[in-house]
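Student: Sequence plus the predicted model coming up.
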Amino acid sequence: MTDQTQSSHTDQKLLLDYLAIREDHCPSCDYNIHKITSDTCPECGEALKLQVAMKTPKLAAFVVGLIALSISAGFPLLFAALITIIYFIDNPGPGFIQIVTSSLAFFALLCVPIYIWYRNRSKLIRSNNHARWFWACITWFSCPVSLLTTYIILEYFQ
Ligand SMILES: [Zn+2]
């Protein structure tokens, strides 16, 4: 028997031993999985595993920052979409292509902080409460900056 197969059997045994003495519910369908005999949910068939999780996930600041950065990135994307809709309804202004391409380029640029924020989520979660919320608050400055830049793009090419 390989180490991986042995580890898999141990994991399954630990799961079944845990559920033999504890009431718990399937995270997928909420079916009571107390005293199940295999590592799949009898109701929905989803594979189950036993894992360690933090008591308090500390994800609030990360989610708050992610919302702020997503809103920021959304401004130029929304703007490009609106300009494109107007293009099909009415005659576009002379700078239509430049406005849309600049907005889309700005959107792509604003995806970089989202990627950085996502990649560093474990560092953020490990940092202390003040630092976590400080960085979450900082991300909200990106909203007015994005809105102002989007407005400047419109004014510049119009
Ligand atoms: Zn289930």
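Tutor: That came in fine, so what should we check first?
Student: any idea how far the ion is from Val112?
Tutor: The gap separating Val112 from the ion is 39 Å, by Cβ to the ion, to the nearest Å. Backbone N, C-alpha and C define where each C-beta goes, glycine included.
Student: Just to be sure, that residue is in a helix?
Tutor: Yes - counting by DSSP: H, G, I helix; E, B strand; the rest coil, Val112 is part of a helix.
Student: Based on its surroundings, how many neighbours for it?
Tutor: By the measure other Cβ atoms under 10 Å, the count of residues near Val112 is 11.
Student: now do Asn120
Tutor: For Asn120, using other Cβ under 10 Å, the count is 13.
Student: same deal with the one 10 residues further on?
Tutor: By other Cβ under 10 Å, 8 other residues sit near His130.
Student: what sits against the nearest residue to Asp24 once chain neighbours are set aside?
Tutor: Nearest non-adjacent residue to Asp24, counting by Cβ to Cβ, 6 or more residues apart in numbering: Ile33, 5.7 Å away. By Cβ atoms under 8 Å, 6 or more residues apart in numbering, the contact list for Ile33 reads Leu19, Asp24, His25, Cys26, Cys41, Pro42, Leu48.
Student: which two in those residues are spaced the farthest apart?
Tutor: Farthest pair in the contacts of Ile33 (Cβ to Cβ) is Asp24 and Pro42. Separation: 13.3 Å.
Student: The contacts of Ile33 also near the ion: which ones?
Tutor: The subset of the contacts of Ile33 within reach of the ion, by Cβ under 5 Å from the ion, is Cys26, Cys41.
Student: Mind checking which of the contacts of Ile33 are in helices?
Tutor: Within the contacts of Ile33, residues falling in helices by DSSP state H are Leu19.
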